[in-house]
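Chemist: sequence? don't have it. structure:
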C-alpha cells in the first residue's frame with residue numbers, strides 16, 4: 001500500500017465522479033480559453049484533462065504559469081465533462097478533474113523536440129535527450145508492451161514446469177557465430193573476459209545437471225556489423241528441454257506464442273503452426289524467414305529453358321545455376337521495373353529479365369530470343385493474365401534466391417499487398433547444418449556446434465557436408 005495518496009491519471013472513469021483525487025504527472029498540453037485553462041496531465045497510465053477555474057484563484061494563477069513537460073501535483077474532485085465536450089480518443093474522455101490546489105514540482109524549459117507528438121525526430125537528438133524521448137507515447141507504449149510480453153512468457157513457462165535461471169555474462173571466449181566483445185581483466189593483465197553471445201554452453205550444462213526445463217529472458221552481445229537484423233546487444237527468450245523430441249519443443253513454443261498473443265494483444269493464434277522446410281522457403285520466398293501475409297511466390301523456371309537461345313539464361317544454366325521468377329499481378333511501369341532491378345542488383349544479381357503479359361501474348365525486349373514453346377510454358381507456369389508482369393533472375397542459386405526474395409518484398413510494398421495487423425506464423429525446419437564461410441571459404445557450423453544432423457543425412461557428412469540438414 002502506497003503511503004502517498006495518488007491516482008494514476010489514465011485510470012479515472014465516470015464512476016470516480018465526485019471523488020477527490022491526487023494526480024502527479026507531466027503537462028502534456030495546455031489550452032487557455034481566456035478564462036478557463038485546461039491542461040492534459042500525463043503519466044505512465046495515460047492522460048486526463050484538468051480544468052483550472054478562475055473561481056479557484058490560486059490554482060488558476062498557477063495554471064497560467066504551466067508549460068509543457070513541467071511536473072505538477074494536482075488535487076481536486078473528478079467531474080463529468082459537459083455534454084458535447086467529451087473526448088472519445090481518450091479512455092478518460094468522459095471526465096475531468098477540477099484543480100483546487102496545484103504544486104509545481106519541476107518547471108520545464110522548452111524541450112528540444114515535441115514530446116507530445118510522435119513526429120519524426122533526429123535519432124542523435126533522441127539519444128542525447130533519451131529521458132525526454134522515453135516520455136513520448138510510442139516509446140512509453142513500447143516499454144509497457146515489452147513488460148507485458150515478458151510477464152506473459154514467465155507466467156506460461158512457469159505453468160509448464162520451467163525454471164528461470166540466470167547464466168553468467170562474463171565468460172571465457174568460445175567459438176560461436178559472431179565475434180566476441182572482450183573485457184580486459186584488471187586483476188590479470190593480458191587476460192580478457194568475453195560477453196556472452198548466448199547462454200548456449202551454460203544451458204547445456206544445466207541439462208547435464210538434471211535441470212530438465214530451463215528458460216531465461218537474456219541479453220546477448222555480438223560484435224557484428226550493424227544491419228537491419230544485427231545489433232550489438234539484444235534480448236532473446238532462451239529455453240532448453242531434456243528427454244523430448246522435436247515436436248515437444250515446437251508444441252511448447254507454439255502454445256507460448258498463442259498465450260502471449262492472447263494475453264497481450266487479445267488475438268488468437270491457431271495451432272499447430274504451419275511448417276515448411278528451409279529449402280522450400282528459399283525456393284518459394286527467397287528468404288529463410290518468409291512473410292506469408294501476401295503471395296508473390298517464386299517459381300522454378302529452369303526446366304522451361306534448358307536449351308534456350310537467350311544467352312544469359314543459357315550461361316547461367318550451363319554453369320549449374322537456375323532461372324527463377326515471380327508473377328506480379330499488375331501493370332508495372334518502367335520506373336517501377338528499374339526500382340525492382342536495383343533491388344535484385346543489391347543482392348548480387350546482374351539484372352532482372354521481364355515480360356509484360358498482354359491479350360495477344362508477351363511483350364518484352366527479350367521475347368525475340370525465346371521460342372513459342374518456351375513462352376507458352378512460361379505463361380502456363382504462372383497462369384499469367386493480361387496486365388501481369390513476370391520478372392526473372394538467372395544466376396547461381398545463392399544469388400537468385402535472395403535477389404528474388406528482395407524483389408518479392410519490394411513488389412509487395414509497391415502494390416500495398418502487406419496486411420498490417422495480421423500475423424502469419426510459420427516454422428522453417430531442416431536448416432543446413434553447415435555453411436561455407438565467406439571470409440575463409442572453410443565449412444563451418446551454420447548455427448552452433450551443438451546441433452545434431454538429421455539421422456537420414458549422417459551418410460553425407462564425409463563427402464557432401466553442405467547437404468546435411
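Modeler: Everything's here; your move. Predicted model, so just to flag it, every value in this text is computed and none were measured. Residues are numbered from 1 along each chain as shown.
Chemist: what's the longest helix along the chain packed up against?
Modeler: Criterion DSSP state H: the longest helix present in the chain is helix 137-159. Applying 3 or more CB pairs under 8 Å, 6 or more residues apart in numbering; DSSP states H and E, one finds that helix 137-159 contacts strand 163-164, strand 213-221, helix 246-260. All C-beta atoms are positioned from the backbone trio N, CA, C, and that covers glycine.
Chemist: list of residues touching that helix?
Modeler: Helix 137-159 has contacts (CB atoms under 8 Å, 6 or more residues apart in numbering) with 44, 118, 133-134, 164, 215, 217, 237, 239, 255-256, 259-260, 263-264.
Chemist: so of the helices and strands packed on helix 137-159, which one's packed in deepest?
Modeler: Ranked by mean neighbour count under mean count of other CB atoms under 10 Å, the helices and strands packed on helix 137-159 are led by strand 213-221, which reaches a mean of 19.
Chemist: tell me the helices and strands packed up against that one.
Modeler: Using 3+ CB pairs under 8 Å, 6+ apart: strand 213-221 touches helix 137-159, strand 163-164, helix 200-208, strand 233-241.
Chemist: distance-wise, check the residue sitting furthest away from the middle of the chain relative to residue 421.
Modeler: In the chain, the residue that sits farthest from the middle, by CA atoms, centre = their mean, is residue 55; the gap is 51.6 Å. From residue 55 over to residue 421 the distance is 47 Å, taken as CB to CB, to the nearest Å.
Chemist: ok, now residue 81?
Modeler: Residue 81 is 31 Å from residue 421, by CB to CB.
Chemist: ok, those two, which is more surrounded?
Modeler: Neighbours per residue (other CB atoms under 10 Å) separate residue 81 from residue 421, with residue 81 holding more: 16 against 7.
Chemist: which ones are touching the nearest residue to that one once chain neighbours are set aside?
Modeler: Leaving aside its sequence neighbours, residue 81 sits nearest to residue 96 (CB to CB, 6 or more residues apart in numbering; 5.4 Å). By CB under 8 Å, 6+ apart, the contact set of residue 96 is 38, 48-51, 78-79, 81.
Chemist: let's go with 6 Å and repeat that
Modeler: 49, 51, 79, 81 (CB atoms under 6 Å, 6 or more residues apart in numbering).
Chemist: Throw the helices and strands packed on strand 213-221 into CSV and include mean pLDDT, thanks.
Modeler: Listed next are those as CSV, based on pLDDT from 0 to 100:
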stretch, mean pLDDT
helix 137-159, 97
strand 163-164, 99
helix 200-208, 95
strand 233-241, 97
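Chemist: distance to residue 347 added to those, as TSV?
Modeler: Below are those laid out as TSV (distance: least, CB to CB, whole Å):
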stretch	distance to residue 347
helix 137-159	31
strand 163-164	40
helix 200-208	30
strand 233-241	24
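Chemist: do you know which of these lies nearest residue 373?
Modeler: strand 233-241 (51.6 Å; CB to CB).
Chemist: what is the closest one packed up against?
Modeler: Applying 3 or more CB pairs under 6 Å, 6 or more residues apart in numbering; DSSP states H and E, one finds that strand 233-241 makes contact with strand 213-221.
Chemist: relative to helix 246-260, how tilted is the strand it packs on?
Modeler: Going by axes from the mean of the first three to the mean of the last three CA atoms, to 10 degrees, strand 213-221 is angled at 70 degrees with respect to helix 246-260.
Chemist: strand 213-221 pairs with which strands?
Modeler: strand 163-164 (parallel), strand 233-241 (antiparallel) (DSSP bridges).
Chemist: which parts of this structure belong to which domain?
Modeler: Listed domain ranges for the chain are 9-106, 140-265, 287-414, 431-467 (source: automatic domain parsing).
Chemist: between these, which gets nearest to residue 276?
Modeler: Comparing the domains of the chain by CB to CB, domain 287-414 comes nearest, at 7.8 Å.
Chemist: so how far does the closest one reach from one end to the other?
Modeler: Domain 287-414 has an end-to-end distance of 19 Å (CA to CA, to the nearest Å).
Chemist: and the spatially closest residue to residue 285 that is not a sequence neighbour, what helix or strand is that in?
Modeler: Among residues not flanking residue 285 along the chain, residue 405 sits closest, at 6.1 Å (CB to CB, 6+ apart). Per DSSP states H and E: residue 405 is located in helix 397-414.
Chemist: helices or strands next to that helix in the packing?
Modeler: strand 322-328, helix 334-346, strand 389-395.
Chemist: about what we covered before: just name the most buried of the strands paired with strand 213-221.
Modeler: strand 233-241 (a mean of 15).
Chemist: the stretch 351-469 of the chain: strands as residue ranges?
Modeler: 353-358, 361-363, 389-395, 427-429, 434-436, 443-445 (DSSP state E, counting those that start in this stretch).
Chemist: I'd like the ones you listed as TSV, with distance to residue 59 and mean neighbour count appended.
Modeler: Converted to TSV, the strands of the stretch 351-469 of the chain look like this (distance: least, CB to CB, whole Å; neighbours: other CB atoms under 10 Å):
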stretch	distance to residue 59	mean neighbour count
strand 353-358	69	20
strand 361-363	75	15
strand 389-395	66	25
strand 427-429	60	16
strand 434-436	68	16
strand 443-445	68	14
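Chemist: who wins for proximity to residue 168 among these?
Modeler: So among the strands of the stretch 351-469 of the chain, strand 443-445 is nearest, using CB to CB, at 22.3 Å.
Chemist: what helices or strands is that closest one leaning on?
Modeler: Going by 3+ CB pairs under 6 Å, 6+ apart, strand 443-445 lies up against no helix or strand.
Chemist: give me the distance between the spatially closest residue to residue 200 that is not a sequence neighbour and residue 283.
Modeler: Once flanking residues are discounted, residue 200 sits nearest to residue 448: 5.8 Å by CB to CB, 6+ apart. According to CB to CB, residue 448 and residue 283 sit 25 Å apart.
Chemist: ditto for residue 379
Modeler: Residue 379 sits 21 Å away from residue 283, taking CB to CB as the criterion.
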